[in-house]
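In: Here you go, sequence then predicted model.
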Amino acid sequence: MSNLFCLTDAQMARLSPFFPKFHGKPNVDDRRVLSGLIFFIRNDLRWRDAPAAYGPHKTLYSRWKRWSEKGIFARMMAGLAAEHGEKTTVMIDATYLKAHRTATSMAAKKGGRGRLIGRTKGGMNTKLHAICDSQGRPIDLFLTAGPVSDYIGGRALVSRLPNVKWLLGDRGYDADWFREALQDKKIHPCIPGRKQRKTPVRYDKRRYKRRNQIEIVFGRLKDWRRVATRYDRCPQTLFSAIALAATVTFRL
């Protein structure tokens, strides 16, 4: 077997429950195709440039398109992340994903508003919001347009927080409603106050230092070139790439 095939039998056994059921005998090797998709996302190739060991590039593209539309890769990540077992600390943060011109073209035409791309000081971007456990593994991910503030992204994620004792976040999440929402879930916020606050907010500075784990998560995800730069117009396809990268990097 070619050394380009990066998934072991044990890893395939963990992923296979998330595969859609085939009617009849499958006509392609799942290990070969998934390895090809991983190679494509990690190295950011054109489909036609995929190594021949992965089979026809049209097969890779059709599998990627079909499974992305069905949300298979997102379910893989969510299913494996549900086994996290975290009971003490989670971290929340967001990062920008630079949008290439191929992702932003025709933005003014029909469907452009739904692409989750917006202009920031650094240009056209998408923002990736994440919740990670204390070991630096993503538990939940969420995409918005670049100009969306961190705490608005946090609003979408707060209801999906696990039952833990602490949440670590930077000043972007310093909002009274966010702190109250955490207290309602019996989670202690470890979030420094904004400079505009008249009354300083006390927080555990020693515990806060552990927040660098989520910065490491973003760095490792952006090692996958298809994640670091957004080329896809469809946000669902981008999220599939992020989900596959997170699954392979942190859960297998």
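Out: Received, thanks.
In: My guess is R32 contacts G55. True?
Out: Yes: with contacts counted by Cβ atoms under 8 Å, R32 reaches G55, the gap being 5.9 Å. C-betas here are computed from N, CA, C, even on glycine.
In: For the lowest-mean-pLDDT helix or strand in the chain, C-alpha coordinates in CSV please.
Out: Using mean pLDDT, DSSP states H and E, the weakest-scoring helix or strand in the chain turns out to be helix 101-104, at a mean of 83. Presented in CSV, the C-alpha positions along helix 101-104 are these (Å, rounded to 0.1, in the frame of the first residue of the first chain):
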residue,chain,number,x,y,z
ARG,A,101,-10.7,36.4,-4.4
THR,A,102,-12.2,33.2,-5.8
ALA,A,103,-14.3,33.0,-2.7
THR,A,104,-15.4,36.6,-2.8
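In: List the buried residues for that helix?
Out: Buried positions in helix 101-104, judged by neighbour count with 16 or more other Cβ atoms under 10 Å: A103, T104.
In: Now do the helix or strand just after it: which elements does it pack against?
Out: On the C-terminal side of helix 101-104, the closest following helix or strand by DSSP states H and E is strand 118-120. Packing partners of strand 118-120 (3 or more Cβ pairs under 8 Å, 6 or more residues apart in numbering; DSSP states H and E): strand 123-133.
In: Name all residues that make contact with the closest residue to R210 other than its chain neighbours.
Out: Nearest non-adjacent residue to R210, counting by Cβ to Cβ, 6 or more residues apart in numbering: L168, 6.4 Å away. Counting by Cβ atoms under 8 Å, 6 or more residues apart in numbering, L168 makes contact with T89, V90, M91, I92, C190, I191, R207, Y208, R210, R211, I214.
In: make it 6 Å
Out: For L168, the contacting residues are M91, C190, R211, by Cβ atoms under 6 Å, 6 or more residues apart in numbering.
In: Hmm, I131 and the first one touching each other?
Out: Spelled out, it's M91. No: applying Cβ atoms under 6 Å, one finds M91 not in contact with I131, separated by 7.1 Å.
In: which one of the contacts of L168 is nearest F178?
Out: Checking the contacts of L168 against F178 by Cβ to Cβ gives C190 as the nearest, at 12.5 Å.
In: To what extent is that closest one buried, counted in neighbours?
Out: For C190, the neighbour count with other Cβ atoms under 10 Å is 20.
In: State the distance from it to R211.
Out: Here the criterion is Cβ to Cβ, to the nearest Å. By it, C190 lies 8 Å from R211.
In: any weak-confidence spans in the stretch 101-250 of the chain?
Out: Across the stretch 101-250 of the chain, the ranges flagged by pLDDT under 70 are 106-113.
In: now the strands: where do they sit in it?
Out: Secondary structure of the stretch 101-250 of the chain (DSSP state E, counting those that start in this stretch): strands at 118-120, 123-133, 138-145, 166-168, 188-190, 229-230.
In: Any chance of those strands in CSV with distance to L97 as columns?
Out: Compiled in CSV, the strands of the stretch 101-250 of the chain are given as follows (distance: least, Cβ to Cβ, whole Å):
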stretch, distance to L97
strand 118-120, 11
strand 123-133, 5
strand 138-145, 8
strand 166-168, 22
strand 188-190, 26
strand 229-230, 5
